[in-house]
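Asker: here is a sequence together with a model predicted from it:
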Amino acid sequence: MNVKPLADRVLVRPLDAEEKTAGGLFIPDNAKEKPQKGEIVAVGPGKVAESGAKIEMTVKAGDKVLYGKYSGTEVSVDGVEYLMMRESDVLAVV
C-alpha cells in the first residue's frame, strides 16, 4: 500500500464485528454495531507545535487500538475499507 498519512493522522483497518453473543446467539448483519476496534496500518510523521517543535506519534503501525464509534473518515484503498483519523481520536492501545 502506498498511502502515507500526513501530520498526526493514522490509517486504521477496522476489525470485524462480533459474529455471535457471549451466550452463543448469532447476530444478523443488520443488527451489528460499527466496530470500535482496529489495527493501525500507517501513521503520519507527527504534528508540529506552534513553537516549531515536532510532536512525535505515540502509536505505531501494528498497534491494536480502540476508537470512538463515529471517529474518522472512511476511505477505500485497493478495494479495502479503512478509517483515516487523527491520533487524538484513538482512545487506547489494546
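Answerer: Ah, there it is. Numbers count the residues shown, from 1 in each chain.
Asker: low-confidence ranges in this protein?
Answerer: 1, 17-21, 27, 29-35 (pLDDT under 70).
Asker: how about the strands in it?
Answerer: 9-14, 37-43, 47-48, 54-55, 64-67, 73-77, 80-86, 90-93 (DSSP state E).
Asker: hmm, who's touching the fifth one?
Answerer: It stands for strand 64-67. Residues outside strand 64-67 that contact it (C-beta atoms under 8 Å, 6 or more residues apart in numbering): 12, 15, 36-40, 59, 83, 85, 89-94. C-beta: built from backbone N, CA, C; applies to glycine.
Asker: and that strand, how far out from the chain's middle?
Answerer: Its chain's C-alpha centre lies 6 Å from the corresponding centre of strand 64-67 when counted by C-alpha atoms, centre = their mean, to the nearest Å.
Asker: same question for the fourth one.
Answerer: Its chain's C-alpha centre lies 21 Å from the corresponding centre of strand 54-55 when counted by C-alpha atoms, centre = their mean.
Asker: right, so the strands of the chain: which one is the most enclosed?
Answerer: strand 9-14 (a mean of 22; mean count of other C-beta atoms under 10 Å).
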